[in-house]
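Q: after the sequence you'll find the predicted model.
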Amino acid sequence: MKLIIAEKPSVAKAVATFLGSSVRHDGYFETKDYTITFCYGHILEQFGPKEYLGRPVNINDAPLIPEKWQLKVKESALAQFKVIKSLIAKASEIINLGDPDREGQLLVDELIEYCNYKGIVKRLWLNALDDETIGNSFKNLEDNNKYVNFKNCALARQRLDWIIGFNASIVATKKTNQLLSIGRVQTPTLSLIVERDLKIENFKPQDFYEVFVDIEHAKPFTVKWIKGDIRTDEENRITDKQAAEKLAGLVKNTTGKVINFESKKGTSKAPNPYNLAKLTKDASDKYGFSADAVLKLAQSLYEKAFTTYPRVDSEYLPEEQFENSKKILSNFDLPKTIDFTKKHPSWNTKKVDAHHAIIPTVKKAAGLGQDEQNLYNLIANRFINLFMPDQEFITKLIEIDIKNNIFSVKKKIITNPGWSNEKSQDDLPNVKINDILNTLDSRMESKQTTPPVRFTDGTLIAAMANIHKYTEDDKDIEILKEVKGIGTSATRANIIETLIMRGYIQRQKKNLVSVDLGRKLISDLQVAENIKMLTSAHLTADMEEELKLIEKGEKTIEEIMGKGVLTTKELTASLKYLPFSIKGVPYNNPNAKIIGKCGCGGNITEFSKGYKCVKCESIVWKEFSKKNYPVKLPSAC
């Protein structure tokens, strides 16, 4: 029996339909030649600290480094695991149909290994679920061993995150008596939000002044002061009101000489097709979608085979798929200026990594909800624009010397909108250097500096993907550029939801705003230089540099883990001496109020964030996902 193991039910169904499935069983599909089963993401998960120890964790257990890594079946996936295990036992050949990335490779591989399968394993790599893509992929089945380094990268990343995240969280939680979660991606992301919020709240507006002069001409125009013998701040802004007023009076009703004139033609190509980060930003800006909503909508479009795989960082497309673009475009009402032969620079196989950019498939979209349709339109229009003419424009610059002060005006004048909807009017004249022009009225305008804006889902996702812009170390900057930030397209939306669930941030309309617990955690972790790395992207840069060596086959998991263990030990030791400002009520406070009995017979006690049984140590949180859940006790209590 040939067994296909897909990462999720929707993918299994699409492949089964393509293969002519006529029989649907509980947990799998069956065709003449194949059996197709599916996971629900990871079926297996790592043991937790308590399972490795066989008892509750205390601060002295950290650093906890498993001698032998162990997996268990997720409780929610037990039934499906039994189905998969029984099918693996009968298989003569297995086809790994995990999602086309490191994590997709690992989640099927680890399941095959867990079930002790020793037979033939092949890899089916799918970037889209339309029939044409599936058919071509079946023609190009590969030996699964070709992707062993992909699996090893994901496994090393998983284990490194475990030892660093769990140990840091254990120490912080035990020292503060407050449940705290620290992670390689979530803590630097929280730091971005906290630092932005503090900049906004501590911002003190500064007054500055701009001086404008109207110029007499057949096409009158206005210029702004840019340079002269006036004191300015570091942003070249005039901060002395009297000096600005004096300047405005000086340049009024006089003459000026043109010292520079430029009129340059230019073109602008359509932007590349979307990756998930840029799709999230645009959907957030235009429709107010959260990052999690964008991911779910994009996943739904993919599972319906209307768009390609969404959890991608790439903005490029494989050149060999260019010929298929006309079939895709035939699904849309197209402008007359469309050019099916136009090959945009985004068609570049060398720049495609594990996935290509998000584009429509050859399957015509139908039956979409409004939110799905809105997101589909963004993706489709971005793809259509690749085949539209370039935008054409002229950039004009005029610089005038008026009383030894330089004034200028610059404007982009669109002569052919091409792919864009932009329009502009050519209201700047053509002048010549050394032309003497009369000035008319002048004016001084009072302005104030403005604070940065708070993060939204879209702008935070963009910041995570471009974390190098918030990094100072040159080596880290280059690595983070290459790996496209912290987190992945598949995990960034969930990181935001995790920060909300942990009580570190809140949503306020479209904005993401840090709260007291999140601010205190970042403040505490930034006290010592060697702990401060937990709030930056340095750990990701350092880890990704090592993972690249695994992917190339130049290092083993064991070698990478050795370095990770040393880092964990240093961090753990430093955290134990850190004077945290966060103070919760101890979970095991002997003076805690007993409020009732647990089902195990133990006493239930109350602490700051929830309720705990002193016998079985079960915890119920008072607040979960911003909702309060009061505990209802039997009247006998």
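A: Nice, thanks for sending it over.
Q: for Thr37, which three-state class applies?
A: With DSSP: H, G, I helix; E, B strand; the rest coil as the basis, Thr37 sits in strand.
Q: please read the previous query as pertaining to Ile604.
A: Classification of Ile604 using three-state DSSP returns strand.
Q: can you give me the neighbour number for it?
A: With neighbours defined by other CB atoms under 10 Å, the count for Ile604 comes to 22. Every C-beta, even on glycine, is put in place using the N, C-alpha and C of the backbone.
Q: that one contacts Lys593, correct?
A: No. Applying CB atoms under 8 Å, one finds Ile604 not in contact with Lys593, separated by 9.7 Å.
Q: where along the stretch 1-150 of the chain do the helices fall?
A: 9-18, 49-53, 78-90, 102-114, 131-139, 148-176 (DSSP state H, counting those that start in this stretch).
Q: try the stretch 251-400 of the chain
A: Using DSSP H, counting those that start in this stretch, helices in the stretch 251-400 of the chain cover 276-287, 291-303, 325-329, 370-384.
Q: give me the contacts around the last one.
A: Translated: helix 370-384. 270-271, 273-274, 279, 282-283, 286-287, 289, 293-294, 297-298, 300-301, 306-307, 328-329, 332, 334, 338, 358-360, 365, 368 (CB atoms under 8 Å, 6 or more residues apart in numbering).
Q: now with 7 Å, please.
A: With CB atoms under 7 Å, 6 or more residues apart in numbering as the test, helix 370-384 has contacts from 271, 273-274, 279, 282-283, 287, 294, 297-298, 300-301, 306-307, 329, 332, 334, 358-360, 365, 368.
Q: which residues in the stretch 401-550 of the chain form helices?
A: Under DSSP H, counting those that start in this stretch, the stretch 401-550 of the chain gives helices at 457-465, 474-483, 492-501, 516-525, 529-532, 538-551.
Q: the third one - what's its average pLDDT?
A: What that stands for is helix 492-501. Across helix 492-501, pLDDT averages out at 93.
Q: ok, now stretch 172-188?
A: On average, stretch 172-188 scores 93.
Q: and it, how far out from the chain middle?
A: In terms of CA atoms, centre = their mean, to the nearest Å, the centre of stretch 172-188 is set 21 Å apart from its chain centre.
Q: how about the nearest residue to Lys481, chain neighbours excluded?
A: His468 (4.8 Å; CB to CB, 6 or more residues apart in numbering).
Q: just give me the neighbour total for the one you found.
A: His468 has 21 neighbours, counted by other CB under 10 Å.
Q: about what we covered before: tell me the buried residues within the contacts of helix 370-384.
A: Among those, the ones that count as buried by 16 or more other CB atoms under 10 Å are 271, 273-274, 279, 282-283, 287, 294, 297-298, 300-301, 306-307, 329, 332, 358-360, 365, 368.
Q: including mean neighbour count, could the helices of the stretch 1-150 of the chain go into TSV?
A: Converted to TSV, the helices of the stretch 1-150 of the chain look like this (neighbours: other CB atoms under 10 Å):
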stretch	mean neighbour count
helix 9-18	21
helix 49-53	15
helix 78-90	15
helix 102-114	22
helix 131-139	15
helix 148-176	21
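Q: which among those helices is found nearest to Pro417?
A: With CB to CB as the criterion, Pro417 lies closest to helix 131-139 of those, at 33.3 Å.
Q: that closest one packs against which elements?
A: helix 9-18 (3 or more CB pairs under 7 Å, 6 or more residues apart in numbering; DSSP states H and E).
Q: between the helix it packs on and helix 131-139, how big is the angle?
A: Interaxial angle of helix 9-18 relative to helix 131-139 (axes from the mean of the first three to the mean of the last three CA atoms, to 10 degrees): 90 degrees.
Q: I'd say the residue nearest to Lys481 and Val483 touch.
A: No. With contact defined as CB atoms under 7 Å, His468 does not reach Val483; the gap is 9.5 Å.
Q: the nearest residue to Asp233 once chain neighbours are set aside: how many residues sit nearby?
A: Using CB to CB, 6+ apart and skipping residues adjacent in sequence, the residue nearest Asp233 is Thr239, 5.5 Å away. Burial of Thr239 is recorded as 15 neighbouring residues (other CB under 10 Å).
Q: check Glu529 too.
A: Glu529 has 8 neighbours, counted by other CB under 10 Å.
Q: check Gly20 too.
A: Other residues within reach of Gly20 by the criterion other CB under 10 Å amount to 10.
Q: how much space between the residue lying closest to Asp161 once chain neighbours are set aside and Phe38?
A: Sequence neighbours aside, Arg184 is the residue nearest to Asp161 in space, at 5.5 Å (criterion: CB to CB, 6+ apart). Note on Arg184: its distance to Phe38, by CB to CB, to the nearest Å, is 29 Å.
Q: measure the residue lying closest to Ser76 once chain neighbours are set aside to Lys296 for me?
A: Closest residue to Ser76 apart from its sequence neighbours, by CB to CB, 6+ apart: Tyr40 at 7.5 Å. Noted for Tyr40: a distance of 15 Å to Lys296, by CB to CB.
Q: more neighbours: the two, which one.
A: When neighbours are counted by other CB under 10 Å, Lys296 comes out ahead of the other of Tyr40 and Lys296, with 17 against 14.
Q: okay, that one: pLDDT?
A: 94.
Q: in contact with Asp457, which residues?
A: Taking CB under 7 Å, 6+ apart as the contact definition, Asp457 lies against 280, 284, 290-291, 496, 512.
Q: columns distance to Pro56 and neighbour count on top of these, output as JSON lines?
A: Shown next, in JSON lines, are the contacts of Asp457 (distance: CB to CB, whole Å; neighbours: other CB atoms under 10 Å):
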{"residue": "Thr280", "distance to Pro56": "39", "neighbour count": "31"}
{"residue": "Ser284", "distance to Pro56": "41", "neighbour count": "22"}
{"residue": "Ser290", "distance to Pro56": "36", "neighbour count": "22"}
{"residue": "Ala291", "distance to Pro56": "35", "neighbour count": "26"}
{"residue": "Ile496", "distance to Pro56": "30", "neighbour count": "24"}
{"residue": "Leu512", "distance to Pro56": "34", "neighbour count": "24"}
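Q: need the max-distance pair from these.
A: So, the contacts of Asp457 by CB to CB: farthest apart are Thr280 and Leu512, at 13.0 Å.
Q: to Ser10, which of the helices of the stretch 251-400 of the chain lies closest?
A: Ser10 sits nearest to helix 291-303 of all the helices of the stretch 251-400 of the chain, at 3.6 Å, using CB to CB.
Q: who are the packing partners of that closest one?
A: Helix 291-303 sits against helix 276-287, helix 370-384, helix 492-501, with contacts defined as 3+ CB pairs under 7 Å, 6+ apart.
Q: pull the distance from that helix to the chain's centre.
A: Averaged C-alpha coordinates place helix 291-303 at 14 Å from its chain's average position (CA atoms, centre = their mean).
Q: tell me the angle of it relative to helix 9-18?
A: 10 degrees.
Q: show residues contacting helix 291-303.
A: Contact with helix 291-303 is made by 10, 129, 276, 279-280, 283, 307-310, 358, 371-372, 375-376, 457, 461, 492-493, 496-497, as judged by CB under 7 Å, 6+ apart.
Q: export that helix to PDB, keeping only CA atoms.
A: Provided in PDB are the C-alpha atoms of helix 291-303 (Å, rounded to 0.1, in the frame of the first residue of the first chain):
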ATOM      1  CA  ALA A 291      -2.700  39.200  11.600                       C
ATOM      2  CA  ASP A 292      -4.400  36.000  12.800                       C
ATOM      3  CA  ALA A 293      -7.400  36.800  10.600                       C
ATOM      4  CA  VAL A 294      -5.300  37.400   7.500                       C
ATOM      5  CA  LEU A 295      -3.500  34.100   8.100                       C
ATOM      6  CA  LYS A 296      -6.800  32.200   8.500                       C
ATOM      7  CA  LEU A 297      -8.300  33.800   5.400                       C
ATOM      8  CA  ALA A 298      -5.200  33.100   3.300                       C
ATOM      9  CA  GLN A 299      -5.200  29.500   4.600                       C
ATOM     10  CA  SER A 300      -8.800  29.200   3.600                       C
ATOM     11  CA  LEU A 301      -8.200  30.500   0.100                       C
ATOM     12  CA  TYR A 302      -5.300  28.000  -0.200                       C
ATOM     13  CA  GLU A 303      -7.300  25.100   1.000                       C
END
